[in-house]
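# Have a look at this prediction, sequence included:
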Amino acid sequence: KAGVTQTPRYLIKTRGQQVTLSCSPISGHRSVSWYQQTPGQGLQFLFEYFSETQRNKGNFPGRFSGRQFSNSRSEMNVSTLELGDSALYLCASSLTGLHNQRGEQFFGPGTRLTVL
Amino acid sequence: EDKVVQSPLSLVVHEGDTVTLNCSYEVTNFRSLLWYKQEKKAPTFLFMLTSSGIEKKSGRLSSILDKKELFSILNITATQTGDSAIYLCAVGMGAGGTSYGKLTFGQGTILTVHP
């Protein structure tokens, strides 16, 4: 079974631009969560989508948004990029979330975003 | 505020040593505790713990959860250089359908195993 895939793997943008990252979950997984990882803050939760609906949201500004499609693929968008948005953005998928024994999340390889 | 704290933050050992990594948490609506290993790429899943006192084991790695004292430990016996990585502890919360896909992570423990 193919794992979680993320595209692109690397991205360089300048301040003020916007960016869209894509995540394809493991086949059959319906929950997709997004995380930001930085050396200073570690791994921080951005949001989770399940069946095309945002089910939970972390403490990030409104410049960070996402969506999920009917095939469970998800995109996240960051508008008006700031230098502090430079990070590794990880997507994780799970069958239905964490409410049962099979709810463990599997991470994709991440997208490394650099904002200049 | 939900909090997950790992200790130590870094650890240097020699091959063959046994290590114990700690994770304590203060969260609302605890659902599960997960351990991940992260090398130079995305975290890879190790264990998910939901019940107190039941040890989960995979080869040289084992983990246990204490829901009364709000902590978990990850043990690695007979360490190898390939165990060098960041070990992340994360807590999943959920009640009434919310927070299911959200994990709150600790800072991680950087483990270095020397030959």
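Perfect, I can see it now.
# and the gap between the residue nearest to the spatial centre of chain A and residue B:9?
Residue closest to the average C-alpha location in chain A (C-alpha atoms, centre = their mean): residue A:34, at 2.8 Å. Shown here: residue A:34 relative to residue B:9, a distance of 25 Å by C-beta to C-beta, to the nearest Å. (C-beta placed from N, C-alpha, C; glycine too.)
# Using the three-state scheme, assign residue B:64.
Here residue B:64 takes the strand state, with states given by DSSP: H, G, I helix; E, B strand; the rest coil.
# What of residue A:84?
helix.
# How about the contacts made by it?
residue A:115 (C-beta atoms under 8 Å, 6 or more residues apart in numbering or on different chains).
# what's the answer for residue A:81, then?
A:13-19, A:115.
# Determine whether the claim that the residue nearest to the centre of chain A is in a helix is correct.
No. Counting by three-state DSSP, residue A:34 is not part of a helix but strand.
# Contact partners for the nearest residue to it once chain neighbours are set aside?
Spatial nearest neighbour of residue A:34, excluding adjacent residues (C-beta to C-beta, 6 or more residues apart in numbering or on different chains): residue A:46 at 4.1 Å. Contact partners of residue A:46, counting by C-beta under 8 Å, 6+ apart, are A:33-36, A:57-58, A:60, A:64, A:66, A:76, A:89.
# Residue A:46 sits in which helix or strand?
Counting by DSSP states H and E, the element that carries residue A:46 is strand A:42-50.
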